[in-house]
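Asker: Next one to model:
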Amino acid sequence: MWKQSDTALFERETTKMNIPLNLFYTASHEWILIDNDSATVGITDYAQGELGDIVYLELPEVGSDAVKGSIFGTIEAVKTVADLYAPLSGTVTEINQALDDEPELVNHDPYGEGWFCKIELSSLVQSKNLLSADEYTDIVG
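Answerer: A predicted model of the protein is given here:
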């Protein structure tokens, strides 16, 4: 999904944030990789770090509609439970089945093996409201 050369590591005091430059982001800490009319979605390194050890995920069902800004799942960590928000509208075409048995993949590899789902986009125009890596860095920095 991403290459080390596409990654920007930003240091803020003692915290390092991994924010790949080739992805889009939301203010609610989801990342999005757009490939033609499909989007792969997960949560950012910052978000997984704030949540702590992830123990369970409730992801949307394949074939369900994702509506931008609406809750489409939950993520449970040792510390808390948080809602997942659909970053774009469309139809869920695939979920990461590996997370059923290994939710900790989100902690270990949020931009790779820890992805959540893929969405067939209803329109590419909606992607104009997503954040760049620099804009997301300004939010979490």
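Asker: residue ranges with poor pLDDT in the chain?
Answerer: 1-16 (pLDDT under 70).
Asker: Can you pull up the most central residue in it?
Answerer: Geometric centre of the chain, nearest residue: residue 42, 2.2 Å, by CA atoms, centre = their mean.
Asker: Any idea what that residue is bridged to?
Answerer: Beta bridges link residue 42 to residue 31 when assigned by DSSP bridges.
Asker: surely it meets residue 114?
Answerer: Yes: the pair residue 42 / residue 114 is scored as a contact, 5.8 Å apart, by CB atoms under 8 Å. For every residue, glycine as well, the C-beta is placed using N, CA and C.
Asker: Quick check: neighbours shared by the two?
Answerer: Counting by CB atoms under 8 Å, 6 or more residues apart in numbering, the contacts common to residue 42 and residue 114 are residue 106.
Asker: Not counting sequence-adjacent ones, nearest residue to residue 140?
Answerer: Distances taken as CB to CB, 6 or more residues apart in numbering put residue 46 closest to residue 140, at 4.7 Å, once the chain neighbours are dropped.
Asker: Check the gap between the one you found and residue 104 for me.
Answerer: Computed with CB to CB, to the nearest Å, the distance linking residue 46 and residue 104 is 17 Å.
Asker: out of the two, which sits in the more crowded spot?
Answerer: More crowded of residue 46 and residue 104, by other CB atoms under 10 Å: residue 46, with 22 against 14.
Asker: Please compute how far the helix or strand hosting the more buried one lies from its chain's middle.
Answerer: Using DSSP states H and E, residue 46 falls within helix 45-51. Relative to its chain's centre, helix 45-51 lies at 11 Å (CA atoms, centre = their mean, to the nearest Å).
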